[in-house]
Structure formats: structure tokens, C-alpha cells
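Student: Could you look at this predicted model? Sequence included:
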Amino acid sequence: MHSTLPQNPVEIRISNRTFQKKPLSVEDLEKISSILSKSEKQAGPFGNHFRFELLIETEEIKNSKIGTYGFIKNPRGYIISKSRNETMCLFDYAFILETIILDLTALGIGTCWLGGRFRKQEAMSHLSMKGNEIIPAITPLGYPAENQRFQERMIKSILGARKRKSEDEIFYYATFGEALGKRAPEFQKALHYVRVGPSAQNKQPWRLVFSSDLTQVHFYVSNPLADHPLYMCEPQYLDIGIAYKHFEVGLDETGISGELVIDEPIVEKPDGITYITSWHRK
């Protein structure tokens with residue numbers, strides 16, 4: 001028999017909104033605690049640290065309806081933290097939280113990014129907030145239910161959760177006027193991982209522009225949810241942090257190394273597009 005390698009968590013991660021009522025096992029709670037402890041020691045690409053906490057589902061937390069009644073069913077807890085409402089902090093927050101989510105996925109624990117559909121005041125009451133700190137996003141967690149609720153299927157249908165923009169809409173060569181096409185074959189895994197990443201309302205705001213010699217990749221975002229009342233921050237800055245995490249996972253699998261710098265290239269941008277950062281190959 002031929003053995004098969006396990007799929008990367010990026011490939012199998014989905015948004016779980018319905019969980020089993022079964023509580024998390026002591027063994028899994030210990031593993032989750034270890035994941036969160038590891039994340040506290042890890043800096044994001046721009047040097048920011050966060051202390052993510054696990055709130056186990058109790059009657060108090062259940063009654064506070066952090067996860068918005070009806071949107072999330074039977075969560076066994078929530079993972080939350082706080083961040084300054086600044087672009088690179090939000091980028092790092094999403095990078096670290098997605099790292100946690102991928103580790104949980106590898107354990108068989110379900111999650112769902114919630115950037116807008118959670119009760120902010122109730123969530124903030126569990127943390128000591130100061131200055132311009134916010135809770136940009138949280139995730140419920142638990143063992144995924146075997147069958148999706150009808151309501152969950154409807155939500156996914158409305159959000160187009162399985163639909164992805166074409167590569168020609170998000171990956172470019174030297175300029176926004178020219179699609180990358182097949183010019184960067186060794187980056188295909190990293191780009192695939194970016195493309196399948198989660199984003200607020202599945203808007204997929206990331207745009208990547210390769211330099212003509214393929215040694216640099218410039219990360220940009222659009223802002224499809226500008227001034228949306230659901231969010232405490234501009235969600236595209238979280239989405240691009242998630243996208244970069246997926247990009248890095250793909251590079252690691254492929255054996256390509258590089259570093260992030262902020263060095264905006266001279267590239268004419270379409271209206272509504274914002275430069276974030278650049279990856280330089282080592």
C-alpha cells in the first residue's frame with residue numbers, strides 16, 4: 001500500500017459554525033493551552049506580540065452571547081485577544097490567530113473567524129482594554145458537528161464561502177495591468193494557499209504583484225467593506241495578515257526563503273488599492 005502524506009491544515013480548514021455539544025477533552029484542552037502559550041512567545045512579521053486567551057463556554061459566557069445568537073451553535077469556547085487599531089498590528093494579529101487556527105485544525109478542532117458577527121462589548125468585558133485597543137476578531141471552537149444546520153448552509157451560500165476569485169484577478173506581474181499567469185511556477189503552492197484563505201464576507205481583498213525578476217512580491221489590499229458598521233477595524237488589514245500566513249506556509253513547504261520589508265515599489269495602483277508590504281527573496 002502507498003502511504004499518503006497528511007494534508008496541510010490550510011487545505012482542510014473550513015469555517016465551522018455548528019459544533020457538537022460534547023465538551024473539549026482534558027487532553028485537547030492541554031494541547032490548546034500549549035498552542036496559546038507558544039503563540040504568546042511568537043512575534044508577528046512586524047514584531048507585535050499578543051496574548052490569546054481561551055474562554056471556556058460557561059453559563060455566564062453563554063448568556064453573554066459573544067458569538068451572536070443563531071450564527072454560532074454550541075461553541076465550547078472562544079479564543080480572543082486584543083490589539084491596537086493600527087495596520088501592522090492588525091496584520092500581525094491575524095497572522096498569529098491564523099497560526100493558532102491552523103494548529104487547531106490539525107488537532108481536528110473546528111473554528112470560524114468572527115470579525116464582525118460577535119458582541120464586542122461582551123467580549124471586551126473579559127479583557128483589560130486601554131487606549132486604542134480593540135478586539136479585531138475572535139474564533140469560537142469545538143468539535144465540528146457531523147451535519148451542518150440548514151441555517152449554516154444558507155449562510156455559506158449567501159457569503160459564497162466556496163467561491164474564489166480567479167488567479168488573474170488577484171496575482172499580477174510587474175503591474176496591475178498584467179496577470180501573473182504561469183510565470184512563477186515555483187510559487188504556485190504559496191499562491192494557491194493565499195487564494196483559499198478566509199476573508200471577511202469572503203471578499204478576498206488581497207492583491208499580489210510580482211517584480212519582473214520574480215524576486216519580490218508586493219502585497220496590496222482593496223477595501224470592499226469600507227466603513228462597514230459590523231467591524232471594529234478595517235477588516236482587509238486582517239485579511240492580508242491571513243493571506244501572508246498562507247503565503248509563508250506555502251513557501252516553507254516549497255523551500256523558498258525570504259523576508260518582509262516595507263518598500264513600496266513604483267507601481268501605478270488602481271483606485272481603492274492600498275500598499276501594505278513586500279516580500280523579498282533571500
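Tutor: Right, received. Where do you want to start?
Student: just the helices in the chain please.
Tutor: For the chain, the helices defined by DSSP state H cover 9-12, 26-41, 59-64, 87-106, 120-124, 150-159, 167-170, 188-195, 236-254.
Student: how about the ones you listed in TSV, adding distance to Ile72 and mean neighbour count?
Tutor: C-beta coordinates here come from the backbone N, C-alpha and C atoms, glycine included. Formatted as TSV, these follow (distance: least, CB to CB, whole Å; neighbours: other CB atoms under 10 Å):
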stretch	distance to Ile72	mean neighbour count
helix 9-12	20	15
helix 26-41	18	14
helix 59-64	11	12
helix 87-106	15	23
helix 120-124	13	16
helix 150-159	9	13
helix 167-170	29	16
helix 188-195	26	20
helix 236-254	18	23
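Student: Now distance to Phe210 and mean pLDDT too, for these, in JSON lines please.
Tutor: Output for the helices of the chain, formatted as JSON lines (distance: least, CB to CB, whole Å; pLDDT from 0 to 100):
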{"stretch": "helix 9-12", "distance to Phe210": "21", "mean pLDDT": "94"}
{"stretch": "helix 26-41", "distance to Phe210": "30", "mean pLDDT": "97"}
{"stretch": "helix 59-64", "distance to Phe210": "45", "mean pLDDT": "54"}
{"stretch": "helix 87-106", "distance to Phe210": "20", "mean pLDDT": "98"}
{"stretch": "helix 120-124", "distance to Phe210": "38", "mean pLDDT": "87"}
{"stretch": "helix 150-159", "distance to Phe210": "29", "mean pLDDT": "50"}
{"stretch": "helix 167-170", "distance to Phe210": "12", "mean pLDDT": "97"}
{"stretch": "helix 188-195", "distance to Phe210": "10", "mean pLDDT": "97"}
{"stretch": "helix 236-254", "distance to Phe210": "12", "mean pLDDT": "98"}
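Student: JSON lines please, covering the ones you listed and showing distance to Arg207.
Tutor: Output for those, formatted as JSON lines (distance: least, CB to CB, whole Å):
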{"stretch": "helix 9-12", "distance to Arg207": "20"}
{"stretch": "helix 26-41", "distance to Arg207": "28"}
{"stretch": "helix 59-64", "distance to Arg207": "38"}
{"stretch": "helix 87-106", "distance to Arg207": "15"}
{"stretch": "helix 120-124", "distance to Arg207": "29"}
{"stretch": "helix 150-159", "distance to Arg207": "20"}
{"stretch": "helix 167-170", "distance to Arg207": "6"}
{"stretch": "helix 188-195", "distance to Arg207": "10"}
{"stretch": "helix 236-254", "distance to Arg207": "9"}
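Student: Identify whichever of these lies nearest to Glu268.
Tutor: When those are compared by CB to CB, helix 167-170 sits nearest Glu268, at 17.3 Å.
Student: Near Glu53, how many other residues are there?
Tutor: Other residues within reach of Glu53, judged by other CB atoms under 10 Å, total 15.
Student: Same question for Gly272.
Tutor: Gly272 is flanked by 11 other residues according to other CB under 10 Å.
Student: Do I have it right that it meets Val221?
Tutor: No. Contact criterion CB atoms under 8 Å: Gly272 and Val221 do not qualify, at 9.4 Å.
Student: just to revisit the earlier point, which stretch among the helices of the chain approaches Thr139 most closely?
Tutor: Across the helices of the chain, Thr139 has its closest neighbour in helix 87-106 (6.1 Å, CB to CB).
Student: Tell me the helices and strands packed up against that closest one.
Tutor: Where contact means 3 or more CB pairs under 8 Å, 6 or more residues apart in numbering; DSSP states H and E, helix 87-106 is packed against helix 9-12, helix 26-41, strand 83-84, strand 110-111, strand 139-142, helix 236-254, strand 274-281.
Student: Repeat the analysis, applying 6 Å as the threshold.
Tutor: Counting contacts by 3 or more CB pairs under 6 Å, 6 or more residues apart in numbering; DSSP states H and E, helix 87-106 packs against helix 9-12, helix 26-41, helix 236-254.
Student: Which one of those helices lies nearest to Trp279?
Tutor: Trp279 lies closest, by CB to CB, to one member of the helices and strands packed on helix 87-106: helix 236-254, at 7.3 Å.
Student: between that closest one and helix 188-195, how many degrees?
Tutor: 160 degrees (axes from the mean of the first three to the mean of the last three CA atoms, to 10 degrees).
Student: Which other helices and strands does helix 236-254 contact?
Tutor: helix 87-106, helix 188-195, strand 216-221.
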